[in-house]
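> give the three-dimensional model of this entry:
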Amino acid sequence: MWRWFAVFFVGGVLGTAFGVGVGFFIFPYVFPPPPAMEALAVDDEAEAVARGMFIHANPSDPIHYGEGSVTVYEDVVFLEDDFKVGPGPAFHVYLVPQKEIRESSEVKNTMYVDLGKLRAFEGSQNYRIPEGVDLKDYPSVVIWCVQFGVLISPADLAFET
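Numbering: from 1, shown residues only. Take a look at the predicted model:
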């Protein structure tokens, strides 16, 4: 009798843990957060310094993807209305001093500038660039998962003349 109870109890605990784990994984897909709709936070006279497009860096990875455009101004990185990434935990926006980032190892070994936590998985968003950052030294904007140390989506910047 006690064996049956022990098996039932252990099975219940393992089943619950598995169910919670699966729930955490699929929750953002079933109940996605609303898209961001921030307005551009620069003066009307401000001109774009650079533009780029987010890409799916590893097409064989269906979970970590990104798309949409980014515009960089002198003191703001602006993710445009068409911006979208796959959901996940602890995503941040980085300025990276290397061109054509395609793998996580290329970001881990650089002196990137962390612009802050990604506020939404899609839609327009503003990120302030700290004073003293020379944008010409940072030809890439990337979305990075801090929790797992994984590249989500890079954008190569084309600087305006």
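
> tally of neighbours for residue 82?
Using other CB atoms under 10 Å, residue 82 has 14 neighbouring residues. Every residue, glycine included, has its C-beta placed from N, CA and C.

> in contact with it, which residues?
Residue 82 sits next to 67-69 when contact means CB atoms under 8 Å, 6 or more residues apart in numbering.

> for PyMOL, what selects the buried ones among those?
To isolate the buried members of the contacts of residue 82 in PyMOL, using 16 or more other CB atoms under 10 Å:
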select buried, resi 67+68
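
> make TSV out of the contacts of residue 82 and add distance to residue 154 and secondary structure.
Formatted as TSV, those follow (distance: CB to CB, whole Å; DSSP: H, G, I helix; E, B strand; the rest coil):
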residue	distance to residue 154	secondary structure
67	12	strand
68	12	strand
69	13	strand
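
> which other residues reach the top strand by length along the chain?
Looking across the chain with DSSP state E, the single longest strand is strand 150-159. Strand 150-159 has contacts (CB under 8 Å, 6+ apart) with 49-58, 64-67, 69-70, 72, 85-86, 88, 91, 96, 99-104, 106-107, 135-136, 138-145.
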